[in-house]
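A.B. asks: Quick check, what structure comes out for this input:
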Amino acid sequence: MGIGLTDPIPPSIARGLQASPSRVSLLFTSYLLITALAMPVTAFVSSRIRGESDRGRAKRVGQG
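C.D. replies: Have a look, this model is predicted:
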């Protein structure tokens, strides 16, 4: 699934925005590249946040 679901959409967007299909394809490509670059960063931050809260919970459980 994922981005494959959007395959029929670019021609419609191009008509609505009066843009060329290549411009709309560039828009989708830019979005995918930004998403691909942001994924590792957000995963790292998420693991750091989760790791800190899990350690705090483990300390409380061990004390009780």
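
A.B. asks: can you pull the contacts of Arg23?
C.D. replies: Ala14 (C-beta atoms under 8 Å, 6 or more residues apart in numbering). Glycine gets a C-beta too; all of them are placed from N, C-alpha and C.

A.B. asks: host element of it?
C.D. replies: Following DSSP states H and E, one finds Arg23 within helix 21-63.

A.B. asks: quick one: average pLDDT of that helix?
C.D. replies: Per-residue pLDDT over helix 21-63 has a mean of 79.

A.B. asks: got the CA positions of the helix or strand where Ser12 lies in PDB?
C.D. replies: Assigned by DSSP H and E, Ser12 belongs to helix 9-17. This file holds the C-alpha atoms of helix 9-17, laid out as PDB (Å, rounded to 0.1, in the frame of the first residue of the first chain):
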ATOM      1  CA  ILE A   9      -4.200  11.200  -8.200                       C
ATOM      2  CA  PRO A  10      -1.400  13.300  -9.800                       C
ATOM      3  CA  PRO A  11      -3.200  13.800 -13.200                       C
ATOM      4  CA  SER A  12      -6.200  15.100 -11.300                       C
ATOM      5  CA  ILE A  13      -4.100  17.400  -9.100                       C
ATOM      6  CA  ALA A  14      -2.200  18.600 -12.200                       C
ATOM      7  CA  ARG A  15      -5.500  19.600 -13.900                       C
ATOM      8  CA  GLY A  16      -6.800  21.300 -10.700                       C
ATOM      9  CA  LEU A  17      -3.600  23.300 -10.200                       C
END
